[in-house]
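A.B. asks: Everything below, folded, please.
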Amino acid sequence: MSEVKANDLVTTYLAIRREREKLSKKYEQEDSVFKDQLNRLEEAMLETCNEIGAETLRTENGTIIKNLKENYVCGDWDNFKKYVLENQALELLQQRISQTNFKEFLSTRGEEGLPPGISTMREFKITVRKPTT
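C.D. replies: Sure, this is the predicted structure:
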């Protein structure tokens, strides 16, 4: 491939990326207004449900349903990991490999190969940087 063709590819790539960034910023700005409006409406509906003691409120235009969302957070990972291992409760954790930690783990044990059940997927990716001034 000639240097001229590669330069044209990079120029076009960067122009498209800039346009996508502009569109994304514009969308996020406009969407944040709608998100804010929806949040205020949800607060008003929750307040209405609380005032009348309703879990659901049927209207001619739709039904409001009051839900309780629970999230669990961990403030002491060392103790929680110990608990999980002692109780053989691995189902309390999400099944996902930390890519960064796994790469580091393999770098110290590369000669052992991959642990059982693990395979590697590799693909080349392209990174384009703007010229520095």
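A.B. asks: Show me what the helix ranked longest in the chain is packed up against.
C.D. replies: Secondary structure of the chain read by DSSP state H shows that its longest helix is helix 3-52. If contacts are counted by 3 or more C-beta pairs under 8 Å, 6 or more residues apart in numbering; DSSP states H and E, helix 3-52 sits against strand 56-59, strand 62-65. Placement of C-beta: from N, CA and C, glycine included.
A.B. asks: and that helix, average pLDDT?
C.D. replies: Across helix 3-52, the average pLDDT comes to 95.
A.B. asks: Tell me how far that helix lies from the chain's centre.
C.D. replies: The gap between the average C-alpha position of helix 3-52 and the chain average comes to 15 Å, counting by C-alpha atoms, centre = their mean, to the nearest Å.
A.B. asks: Select, out of the helices and strands packed on helix 3-52, the one closest to K103.
C.D. replies: Between K103 and those, the shortest gap by C-beta to C-beta is with strand 62-65, which sits at 44.4 Å.
A.B. asks: Point to the residue nearest the middle of the protein.
C.D. replies: For the chain, the residue nearest the mean C-alpha position is R96 (13.3 Å; C-alpha atoms, centre = their mean).
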